[in-house]
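A.B. asks: okay, here's the prediction I keep looking at, along with the sequence it came from:
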Amino acid sequence: MFFCAAAPLCAQAAADQSANQNQTPTLRTNARAVVVDVVVTKGNDEPVTALRKQDFTVLEDGKPVTVDYFEEHTARTLPPGAIPPLPKMPPNVYTNVPSAPESDAVNVLLLDSLNTPPQFSAYARNEILGYLKNVKPGTRLAIVALNDKLNFVQGFTTDAALLREVVLKQTAPGISSSLVTKNETAGEQELESFLNADAPSAPGATTASGSSGSANGASGAGWANPGAPMGTTAAEAVAAAFANYQNYKSVQRTRMTLEAVCDIARYLAAVPGRKNLIWFAGGFPVAIFPKFDQRMDDEDNGIMLRQVRKAADLLTKARVAVYPVYANGMMNDDIVSADNRSPSSAPNPSRMASMAGMDNNTASNDDRAGQIAAMNQIASDTGGKAFYNTNDLNAATTRAINDGSHYYTLVYTPTNKKMDGKYRRIDVKVPESHDNLAYRRGYNADDTLAQDVKPEPDPLRPLLMRGLPSATQLIYGVRVEPLSPQPPLGATRAGKNPKLTGPTTRYAVDFMIRWTDVRLDAADDGTHTGKMQIGLMAYDRDGNAVNWVGATQGMALKPEVYAAIQKFGVPAHMEIDLPNTDVYLETGVYDWSTGKTGTLEIPLHPGANTTQTAKAN
């Protein structure tokens, strides 16, 4: 039955999918190679196409270098109806055939409520939902949420309906940044009123006349800030404590954000090509390549520079371009905001209160300028673009994804061979052109950036991580359903996780691989030989691996078997025991002769209706 069900799949997959495989090849060399992705646009953000290698000039630390490899990557879009829809899959049958041509770049939407006021997090989420209603077919997206921890909400998929569903569930407020929520703003204003009032000195403090501020001579240890100098008033002690608390929160947020950036980069490292990280936040507390004064500030605040360097190195190696999007929308003056009380509303209004209001306005302007500078710096350092001072986050998302979908990959070998950890500046130019170029402006010359490739004993294992985009170099269909009959109680577990316990169900997994994607060499006796790796990796909802299995399948096909394969494809069968809970099964196929790979994630929901329409990620 499965062979007949797979026949329409093979016929559909016989269409030319080779254009989807233009990924940058892995550099198998002992030389240090630097990969730079360059986005070239005109003044209206329209991409500049058909440039050649000789059109580019690349310099490292001001010295010209030779481009060893060059490739143009384009967004692949077709008019509606240009591709016939995939045939409806039978129950429990799935395929990694892409439903539309896939771009060479993938996109990650980062919803950051750690650094965003709750009300603006909800607004950003609604704008993303608006974008997903009209997303171009074939756009590969993943969704990550940062609040009290980093959550990989949805792995890469082209299914806009699924993406909308998971975005709707992102309602957790997380931890808001300091001085931005209504409660914290109210606290600041109450503190301002207290400071502007005629607050008495702390008991035991010295007044201007030199007498004690305490009528009864008490020491006032319960009032004064323990670390405050003599003469500190109660108001000043409260202000100092509040400032210390806010500074502590800011440092903790910065550390958490740095760790989140590192985790995202690690996750994306296994994905080939350019990755566009579209980061929605109300504040951007990290600098990827900090300037001298920023490094000093980080050290003063207890943020280790090695943490910052690690984030920069991981982003560089993973080829991630960051597109910061200011989630708070238009940058209005806080002094005229409805959430902000006028300075004159404070008790005992005075010239001091008015000046405090002006100070708040000046601080607000400085904060806005700082946010813009931080966003532009992150974007420039990584090759992205910043979007701010707009309420149309839907349009900003569209522009960011369109901007990162067309790019040029340039690979060069640096003339400076020293891996001394120093920063190397990169300059890319298109002489006699007024076009705009966006690319990462440099890298740290660390050993971690070496492009040396060590032999991988199991080439499929790193590609079967939870949530990665489907690989489509090898096209296949796969049927996944409970084995019938189930094995008897006490039977040996199917899979390689010795710690798997509790009730399980054994699944039969049957592949049918498009034979034209597999290298089958003809022998003198009429047989055809080949070698493939088949793998399964199962994860629970929290991303923990629960079971896995893999095997190498050698093939020596007699003429009659080879003739059957030419009709139906290359079959493969595996079995695995899985817990009776929601499970995400990563399936994969690797051809040892060509290095081509196919992967597909399949959600399994025991007890639910298993009749599903196959969807490629």
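C.D. replies: Nice, thanks for sending it over. Numbers count the residues shown, from 1 in each chain.
A.B. asks: number of residues surrounding the residue lying closest to residue 251 once chain neighbours are set aside?
C.D. replies: Leaving aside its chain neighbours, residue 251 sits nearest to residue 301 (4.9 Å; criterion: CB to CB, 6 or more residues apart in numbering). Every residue, glycine included, has its C-beta placed from N, CA and C. By other CB atoms under 10 Å, the residues close to residue 301 number 13.
A.B. asks: same check, this time on residue 69
C.D. replies: Using other CB under 10 Å, residue 69 has 15 other residues around it.
A.B. asks: pLDDT below threshold where in this protein?
C.D. replies: Low-confidence segments of the chain, defined by pLDDT under 70: 1-31, 77-86, 99-102, 170-232, 234-235, 238-239, 241-248, 332-364, 447-456, 607-617.
A.B. asks: do that again at 80, thanks
C.D. replies: Applying pLDDT under 80 to the chain picks out residues 1-32, 75-88, 98-103, 137-138, 169-250, 297-304, 331-367, 447-457, 606-617.
A.B. asks: any idea what residue 573 is bridged to?
C.D. replies: Beta-bridge pairing for residue 573 (DSSP bridges): residue 510.
A.B. asks: surely it meets residue 507?
C.D. replies: No - with contact defined as CB atoms under 8 Å, residue 573 and residue 507 do not form a contacting pair (11.3 Å).
A.B. asks: what about residue 424, how many residues close to it?
C.D. replies: 17.
A.B. asks: the chain should start at 21 in everything you say after this.
C.D. replies: Understood, numbering begins at 21; the last thing we discussed is residue 444.
A.B. asks: can I get the helix or strand where it lies in CSV, CA atoms only?
C.D. replies: Assigned by DSSP states H and E, residue 444 falls within strand 443-449. Written as CSV, here are the backbone C-alpha positions of strand 443-449 (Å, rounded to 0.1, in the frame of the first residue of the first chain):
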residue,chain,number,x,y,z
TYR,A,443,39.8,42.3,15.8
ARG,A,444,40.2,42.3,12.0
ARG,A,445,38.3,45.0,10.1
ILE,A,446,36.6,44.1,6.9
ASP,A,447,35.8,46.6,4.1
VAL,A,448,33.8,45.5,1.0
LYS,A,449,33.3,48.0,-1.9
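A.B. asks: next structured bit after it?
C.D. replies: Heading C-terminal from strand 443-449 (DSSP H and E), you reach strand 456-458.
A.B. asks: run through the bridge partners of the residue nearest to residue 522 when sequence neighbours are not counted.
C.D. replies: Leaving aside its sequence neighbours, residue 522 sits nearest to residue 599 (CB to CB, 6+ apart; 6.1 Å). Listed beta-bridge partners, residue 599: residue 524 (assigned using DSSP bridges).
A.B. asks: residue 599 and residue 531: what is the separation?
C.D. replies: Note on residue 599: its distance to residue 531, by CB to CB, to the nearest Å, is 23 Å.
A.B. asks: my guess is the residue nearest to residue 522 meets residue 524, correct?
C.D. replies: Yes - counting by CB under 8 Å, residue 599 does reach residue 524; the two are 5.7 Å apart.
A.B. asks: which one's more surrounded, the two?
C.D. replies: More crowded of residue 599 and residue 524, by other CB under 10 Å: residue 524, with 21 against 18.
A.B. asks: got the contact list for that one?
C.D. replies: Counting by CB atoms under 8 Å, 6 or more residues apart in numbering, residue 524 touches 513, 597-600.
A.B. asks: that one and residue 604, how far apart?
C.D. replies: For residue 524, the distance to residue 604 - CB to CB - is 16 Å.
A.B. asks: how many neighbouring residues does residue 324 have?
C.D. replies: Neighbour count for residue 324, taken as other CB under 10 Å: 12.
A.B. asks: and it, how close does it get to residue 305?
C.D. replies: Distance from residue 324 to residue 305, counting by CB to CB: 15 Å.
A.B. asks: could you do residue 547 as well?
C.D. replies: 63 Å.
A.B. asks: returning to what we had before: and residue 593 and residue 527? which has more neighbours close in?
C.D. replies: residue 527 (26 against 12).
A.B. asks: my read is that one is in a helix, agree?
C.D. replies: No - Residue 527 is assigned strand when assessed by DSSP: H, G, I helix; E, B strand; the rest coil, not a helix.
A.B. asks: my read: residue 95 touches residue 123, true?
C.D. replies: Yes - using CB under 8 Å, residue 95 is in contact with residue 123, at 5.0 Å.
A.B. asks: overlap in contacts of those two?
C.D. replies: residue 425.
A.B. asks: more crowded one of those two?
C.D. replies: Here residue 95 and residue 123 are set side by side on neighbour count (other CB under 10 Å), and the busier one is residue 123, at 25 against 19.
A.B. asks: isn't residue 421 up against residue 127?
C.D. replies: Yes - with contacts counted by CB under 8 Å, residue 421 reaches residue 127, the gap being 5.3 Å.
A.B. asks: got any residues that touch both of these two?
C.D. replies: With CB under 8 Å, 6+ apart, residue 421 and residue 127 have common neighbours 159, 296, 298.
A.B. asks: so residue 418: helix, strand or coil?
C.D. replies: helix.
A.B. asks: count the residues that sit near it.
C.D. replies: So residue 418, with other CB under 10 Å, has 16 neighbours.
A.B. asks: helix or strand: which one has residue 318?
C.D. replies: Here residue 318 sits within helix 312-320, counting by DSSP H and E.
A.B. asks: can you pull the buried residues of the helix or strand following that helix?
C.D. replies: As assigned by DSSP H and E, the chain's next helix or strand after helix 312-320 is helix 325-338. Buried residues in helix 325-338, defined by neighbour count with 16 or more other CB atoms under 10 Å: 327-338.
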